[in-house]
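Engineer: the sequence and its predicted three-dimensional model are supplied below.
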Amino acid sequence: MPAPTRPAARLTHAAALTVLQAVIARAEAIGVPENVAVVDADGNVLAFLRMEGAKLLSRESARAKAVTAASNGAATGRLPADLAVTVALASGGRLTDLPGACRS
């Protein structure tokens, strides 16, 4: 009889910090300050940083993009426009289809 569960890789806090540092390096290289949210597979924030000069309200979209990517297992920004609005409204703004977040 097959096992009822399967092992899953979990993002550690050390890995979250590595991701955060990589995103910061890229943002600095292109000269665009960012809000960066790193979440685990359940959408729990493991790391967050608002770079100096990043837009204040972008912190909300950064978290929503990270949660959306984690819940779908794919980058955001791929839904048809009418469905994207429905997803955002149905989730109370917790999910978004703004492009930019990815999961590897």
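Structural biologist: Happy to help now that I have it. Residues are numbered from 1 along each chain as shown.
Engineer: how far away is residue 83 from residue 99?
Structural biologist: Distance from residue 83 to residue 99, counting by C-beta to C-beta, to the nearest Å: 15 Å. Just so you know, the C-beta spots here come from the backbone N, C-alpha and C atoms, and that holds for glycine as well.
Engineer: please apply the same query to residue 33.
Structural biologist: Residue 33 is 18 Å from residue 99, by C-beta to C-beta.
Engineer: what's the answer for residue 45, then?
Structural biologist: Residue 45 is 20 Å from residue 99, by C-beta to C-beta.
Engineer: and residue 17, by the same measure?
Structural biologist: If you go by C-beta to C-beta, the gap between residue 17 and residue 99 works out to 24 Å.
Engineer: more neighbours, the two?
Structural biologist: residue 17 (14 against 11; other C-beta atoms under 10 Å).
Engineer: looks to me like the more buried one is in a strand.
Structural biologist: No. Under the criterion used here (DSSP: H, G, I helix; E, B strand; the rest coil), residue 17 is helix, not part of a strand.
Engineer: which ones are touching it?
Structural biologist: residue 47 (C-beta atoms under 8 Å, 6 or more residues apart in numbering).
Engineer: check it and give its pLDDT.
Structural biologist: pLDDT for residue 17: 94.
Engineer: and for the one 4 residues further on?
Structural biologist: Looking at residue 21, its pLDDT reads 94.
Engineer: which helix or strand contains it?
Structural biologist: Element membership of residue 21, judged by DSSP states H and E, is helix 13-30.
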